[in-house]
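[1] Structure of the sequence below:
(one chain, ligands or ions: 2)
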Amino acid sequence: MAESPFKADIERAQRELTEKMTPGAIVYIPGSSVINKTGSWRVFRPEFHRDKCVRCYLCYIYCPEPSIYLDDEGYPVFDYDYCKGCGICANECPAKAIEMVREVK
Ligand code: SF4
Ligand code: SF4
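    Ligands and ions are numbered 1, 2, ... in the order given. Take a look at the predicted model:
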């Protein structure tokens with residue numbers, strides 16, 4: 001799988017964030033939410049079938065996290081560190097190229 005384009009930002013936030021909870025939950029570092037890996041909540045994961053994908057980008061647009069980005073050819077790539085398994089991408093995909101399967105941990 002391709003590497004997340006946000007990897008450098010994530011690593012910077014991890015280095016700079018020294019407290020887990022600040023007084024009043026004040027956000028000192030913009031973008032620090034990247035250290036909260038919401039993918040750990042997941043019960044189902046999206047499984048991508050590239051051969052069916054028509055590159056319409058609906059999954060990319062609708063993902064609320066967002067944990068889908070596009071590779072150099074315009075195909076979606078799923079970032080499982082942040083995908084929480086909501087299934088919206090699979091629901092919106094007109095080509096049935098995304099299948100929700102039970103997560104195995
Ligand atoms: S399952 Fe939800 S969070 Fe995960 S990639 Fe699809 S729309 Fe995004
Ligand atoms: S919604 Fe489906 S067909 Fe469209 S880009 Fe995403 S996976 Fe491909």
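[2] so what pLDDT did the residue most central in space within the chain get?
    By Cα atoms, centre = their mean, the chain has its centre lying nearest to residue 67, at 1.9 Å. Reading off the confidence values, residue 67 has pLDDT 93.
[3] And for residue 47?
    Reported pLDDT at residue 47 in the predicted model: 97.
[4] Then residue 101?
    97.
[5] which residue packs closest to it, ignoring adjacent ones?
    Closest residue to residue 101 apart from its sequence neighbours, by Cβ to Cβ, 6 or more residues apart in numbering: residue 47 at 4.9 Å. To be clear about C-beta, it is placed using only N, CA and C from the backbone, and glycine gets the same treatment.
[6] try residue 74
    With Cβ to Cβ, 6+ apart as the criterion, residue 74 has its nearest non-adjacent residue at 4.8 Å, and that residue is residue 55.
[7] Please tell me how far that neighbour sits from residue 95.
    Counting by Cβ to Cβ, to the nearest Å, the gap from residue 55 to residue 95 is 9 Å.
[8] and if you look at residue 70?
    In terms of Cβ to Cβ, residue 70 sits 16 Å off from residue 95.
[9] same deal with residue 6?
    Distance, residue 6 to residue 95, using Cβ to Cβ: 27 Å.
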